[in-house]
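My questions concern the predicted model and sequence given below.
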Amino acid sequence: MRSFRDRPQFLDGVLVYDAMMPALFVNNFIMNKVVPEAWRFQMLVFTLHLYDTRDVARPTSGLTSSNLKRLCAAQGIASPGRVSAFLGVMRLGGHLVRLRSTTDNRVVQLQPTATFVDIVEAWNHAIFTILDTVDPSHNFVGQRTSHDRLGWEMRRGGAETLLAGWRPLDPFPEVAHFIARDGGWVLLTHIVATSLRAHGGTLLEPISIDLPALATQFGISRSQLRELLQSAHGAGLLDAPPRNGSRVLPSPILVCAYLVWLASYLENFQRCTLEALSTLRSGVAS
């Protein structure tokens with residue numbers, strides 16, 4: 001993680017992350033109800049993982065409401081009711097459809113739609129682009145053209161690290177203060193990237209954030225964003241009282257925590273992608 005963070009192009013990768021990731025969800029009301037908070041994002045990861053690892057010979061395997069509820073309960077991230085609401089939103093948005101099993105009509109499977117798959121593939125491309133920005137030597141974007149399952153294998157590895165006990169936010173309470181709340185991921189990413197862009201990554205000076213525009217783009221309450229800024233100042237994460245989005249001054253502790261957290265997050269995906277390439281190449285060779 002330290003090696004990844006200390007690469008000369010790392011701050012460039014931070015800016016590309018801010019440019020590409022939130023842009024995937026701008027003006028997408030349904031997805032914005034899913035991704036802006038950490039635990040719902042993990043539910044999304046596990047939704048895809050259950051579908052990707054299904055066993056066609058076992059109709060009760062794969063992505064079912066029961067399986068996702070059990071997995072989320074075991075991980076301690078969501079109650080059964082919350083999982084039902086999550087799946088309902090995903091179906092309402094046209095991202096999942098219900099299909100009755102062809103071998104056991106008592107079982108209802110859930111399947112990602114083409115719309116959802118397109119979003120996931122765009123997310124994969126963004127991750128590979130960001131990783132290539134930080135470390136061009138691997139050329140993940142180019143490798144993806146030769147291995148169409150690279151995104152699938154990368155996601156599988158990421159889900160398995162979470163299932164094995166990786167808790168990406170636990171060491172970073174400063175980051176969790178934002179990302180554990182609705183809209184906090186978008187807001188924190190925007191604060192740090194805007195500050196870095198404004199001063200070349202060398203100074204922390206007050207910046208202004210257009211809270212109404214941010215709220216509209218991502219379907220977040222403006223009052224919720226204002227309250228999050230106020231609570232961050234109260235927790236010592238902003239070095240000046242925010243004035244309704246103006247004079248937002250991130251503390252050095254917040255910026256350092258965010259950069260180290262993002263290095264940890266991206267390094268994990270880099271490692272998963274390298275392992276995926278090894279697996280795919282071995283399959284081709286055999």
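Yep, that arrived.

contacting residues for Glu153?
Cys272, Thr273, Glu275, Ala276, Thr279, Leu280 (Cβ atoms under 8 Å, 6 or more residues apart in numbering). From N, CA and C alone the C-beta is placed, and that goes for glycine too.

Please repeat the previous calculation with a cut-off of 10 Å.
By Cβ atoms under 10 Å, 6 or more residues apart in numbering, Glu153 lies in contact with Asp52, His147, Cys272, Thr273, Glu275, Ala276, Leu277, Ser278, Thr279, Leu280, Gly283.

Could you pull out the helices in the stretch 101-250 of the chain for me?
Using DSSP state H, counting those that start in this stretch, the helices of the stretch 101-250 of the chain run over 114-134, 140-146, 150-163, 173-179, 184-199, 211-218, 222-234.

Nearest to the middle of this structure, which residue? Look it up for me.
Note on the chain: the residue nearest the mean C-alpha position is Phe41, at 5.9 Å, using Cα atoms, centre = their mean.

Buried among the contacts of Glu153? Make that a PyMOL selection.
Of the contacts of Glu153, the buried ones can be selected in PyMOL as follows, counting by 16 or more other Cβ atoms under 10 Å:
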select buried, resi 52+147+272+273+276+277+279+280
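
Next, format the contacts of Glu153 as TSV and append pLDDT, secondary structure and distance to Pro168.
Listed next are the contacts of Glu153 as TSV, based on pLDDT from 0 to 100; DSSP: H, G, I helix; E, B strand; the rest coil; distance: Cβ to Cβ, whole Å:
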residue	pLDDT	secondary structure	distance to Pro168
Asp52	92	helix	20
His147	93	coil	26
Cys272	96	helix	13
Thr273	97	helix	16
Glu275	95	helix	18
Ala276	95	helix	19
Leu277	94	helix	22
Ser278	93	helix	23
Thr279	91	helix	23
Leu280	91	helix	25
Gly283	72	helix	29
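
Go through the contacts of Glu153 and name the one nearest Arg181.
For those, the residue nearest Arg181 by Cβ to Cβ is Cys272; the value is 26.9 Å.

Wait, the closest one touches Ala164, no?
No. The pair Cys272 / Ala164 is not scored as a contact, 11.9 Å apart, by Cβ atoms under 10 Å.

For the nearest residue to Leu238 once chain neighbours are set aside, give me the pLDDT.
Excluding its sequence neighbours, the residue lying closest to Leu238 (Cβ to Cβ, 6 or more residues apart in numbering) is Ala232, at 5.0 Å. Ala232 carries a pLDDT value of 96.

Contacts only, for the residue nearest to Pro136 when sequence neighbours are not counted.
Spatial nearest neighbour of Pro136, chain neighbours left out: Gln9 (7.7 Å); criterion: Cβ to Cβ, 6+ apart. Contact partners of Gln9, counting by Cβ under 10 Å, 6+ apart, are Val16, Asp132, Thr133, Val134, Asp135, Pro136.
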